[in-house]
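>>> attaching a predicted model along with its sequence, questions to come.
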Amino acid sequence: MPDLRQNDVSGHDASPPRQRDRRAPRLFVSQSLATGETPVETVTLEKQQSHYLTHVLRLGVGARVLLFNGMDGEWSARIVGAARGVVTLAPDDRTRPQVFCPDLHYLFAPLKHARLDYMVQKAVEMGVSRLAPVITERTEARRVNLDRMRANAVEAAEQCELLAIPDIASEERLAAALERLEPARALIFCDEDAPCANPVEALRALPAGQPLALLIGPEGGFSDAERALIGRRSNVARISLGPRILRADTAAIAALAVVQATLGDWGQLTD
């Protein structure tokens, strides 16, 4: 691993970065972690995170924690203070540079609590850059707890060594969500009646490198009017997810795997 602080002239030690400890807990923080290649002096955790480190993991001063904020990469930090229920850490080595998810928006009809939690976690693990709940005619759960969605997204990113948290949009009607998409963004529409039964073949017909949006409907499917609305949009790829009817949370994982393998950061499939 290159020395990411070799140009630091602020007086910090320019020795090689510390070996990354994958056993160390990872935490997402909203604070800045560095200015350029120079780490900030200290980061103060929220009370819930402080409680987790000191009372659940029973870590004390000197223990190592990995921090990320979606902007400055991942940093190794040591606990330098734990008083009055608040933990303070000092970042010292950047263990990984910042990388971002592919430009992939995930539009989905909300599910009920436990299944929505699961779907959000898996979508984050699969590398989406934006989570956008859409209300359709047959959507059962019409109110979304955005704080709960974000908590699930943060937990998935912390546990799966991701470096960014996807944007989380407020729920809106399908027509408004489609209107919000840029014309240049290809819409991948999961449709059991797609003319091409092979999703990989359908996706390969799309130009490489363009921003993407994946749309999955409710378990009752889209209404005829909604299907017509989607069909009127340009730059739409209809894909099938195979011969079986899938639950919405299963369809999310299947569709995201195909998209990432064909057009995303898993690399291009070869014949």
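Yep, that arrived. Residues are numbered from 1 along each chain as shown.
>>> within the helices and strands, which one has the residue lying closest to Leu246 once chain neighbours are set aside?
Nearest non-adjacent residue to Leu246, counting by C-beta to C-beta, 6 or more residues apart in numbering: Ala254, 6.3 Å away. For glycine as for every other residue, the C-beta is placed from the backbone atoms N, C-alpha and C. Under the criterion of DSSP states H and E, Ala254 resides in helix 248-262.
>>> where exactly do the strands run in the protein?
With DSSP state E, the ranges of strands along the chain come out as 26-28, 34-35, 38-39, 43-44, 64-68, 74-83, 86-96, 104-108, 130-135, 167-168, 172-173, 186-190, 212-216, 236-239.
>>> need the ones you listed in a markdown table with distance to Val200, mean neighbour count and mean pLDDT, can you?
Output for those, formatted as a markdown table (distance: least, C-beta to C-beta, whole Å; neighbours: other C-beta atoms under 10 Å; pLDDT from 0 to 100):
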| stretch | distance to Val200 | mean neighbour count | mean pLDDT |
| --- | --- | --- | --- |
| strand 26-28 | 34 | 19 | 98 |
| strand 34-35 | 40 | 14 | 94 |
| strand 38-39 | 44 | 20 | 96 |
| strand 43-44 | 44 | 18 | 97 |
| strand 64-68 | 33 | 22 | 97 |
| strand 74-83 | 33 | 19 | 96 |
| strand 86-96 | 31 | 21 | 96 |
| strand 104-108 | 16 | 26 | 96 |
| strand 130-135 | 24 | 22 | 96 |
| strand 167-168 | 28 | 16 | 96 |
| strand 172-173 | 31 | 14 | 95 |
| strand 186-190 | 12 | 22 | 93 |
| strand 212-216 | 15 | 24 | 95 |
| strand 236-239 | 9 | 20 | 90 |
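>>> adding distance to Ala123, write these out as CSV.
Shown next, in CSV, are the strands of the chain (distance: least, C-beta to C-beta, whole Å):
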stretch, distance to Ala123
strand 26-28, 17
strand 34-35, 28
strand 38-39, 31
strand 43-44, 28
strand 64-68, 19
strand 74-83, 21
strand 86-96, 22
strand 104-108, 5
strand 130-135, 6
strand 167-168, 11
strand 172-173, 18
strand 186-190, 13
strand 212-216, 9
strand 236-239, 17
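>>> before we move on, the earlier item: which ones are touching the residue nearest to Leu246?
Going by C-beta atoms under 8 Å, 6 or more residues apart in numbering, Ala254 touches Leu241, Gly242, Leu246.
>>> next one: Gln31
Val40, Val43, Thr44, Asn69.
>>> run a quick neighbour tally on the first one.
Put plainly, it is Val40. Neighbourhood size, Val40 [other C-beta atoms under 10 Å]: 16.
>>> that one against Leu89, yeah?
No - in this structure, Val40 is not within contact of Leu89 by C-beta atoms under 8 Å, at 9.9 Å.
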